[in-house]
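**Student:** Coordinates for the following, if possible.
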Amino acid sequence: MEEDRFANIQSVQLLGNGYLLNGDSFVPNDISNSDYRLIQEWIADGNTPEPMPDMPILPSTEKILLAALLEINELKAKVAVLEGETE
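**Tutor:** Numbering: from 1, shown residues only. Next up, the predicted model:
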């Protein structure tokens with residue numbers, strides 16, 4: 001009945017700092033997590049997790065990141081001016 005312990009594993013996908021189990025449960029890389037230990041046994045048994053999905057940057061996300069970068073640069077410039085005034 002060795003296979004029975006893996007009966008609830010339908011799919012495993014690499015996901016940054018853990019795994020996506022059966023498409024709906026995140027399992028962190030944490031040895032104290034029983035699902036993590038089960039996945040490690042599943043891998044040791046010869047199974048291979050699916051690769052991490054490509055996650056493209058969406059145009060809206062790119063705009064948000066650019067706006068944040070511009071704001072950071074503006075804040076740095078203001079801090080530099082203030083530091084120059086206090087010296």
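**Student:** use CA for all of it now, contacts and neighbours both
**Tutor:** OK.
**Student:** Residue 53 versus the most centrally placed residue in the chain, what's the distance?
**Tutor:** In the chain, the residue lying closest to the centroid (Cα atoms, centre = their mean) is residue 16, at 3.6 Å. Plainly put, residue 16 is 10 Å away from residue 53 if you go by Cα to Cα, to the nearest Å.
**Student:** How about residue 82?
**Tutor:** 45 Å.
**Student:** Outline the domain layout of the chain.
**Tutor:** 1-54, 56-87 (automatic domain parsing).
**Student:** Can you tell me which of those is packed in deepest?
**Tutor:** Most buried of the domains of the chain by mean neighbour count (mean count of other Cα atoms under 10 Å) is domain 1-54; its value is a mean of 13.
**Student:** returning to what we had before: would you turn the domains of the chain into JSON lines with mean pLDDT?
**Tutor:** Converted to JSON lines, those look like this (pLDDT from 0 to 100):
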{"stretch": "domain 1-54", "mean pLDDT": "90"}
{"stretch": "domain 56-87", "mean pLDDT": "76"}
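**Student:** Could I get the full set of helices for the chain?
**Tutor:** Assigned by DSSP state H, the chain shows helices spanning 34-44, 59-86.
**Student:** Which one of the ones you listed lies nearest to residue 28?
**Tutor:** Nearest of those to residue 28, taken as Cα to Cα: helix 34-44 at 6.9 Å.
**Student:** For that closest one, name the packing helices and strands.
**Tutor:** On a contact count with 3 or more Cα pairs under 8 Å, 6 or more residues apart in numbering; DSSP states H and E, helix 34-44 meets strand 25-28.
**Student:** Enumerate every residue touching the residue nearest to the centre of the chain.
**Tutor:** residue 52 (Cα atoms under 8 Å, 6 or more residues apart in numbering).
**Student:** What separation is there between it and residue 73?
**Tutor:** On the measure of Cα to Cα, residue 16 and residue 73 end up 29 Å apart.
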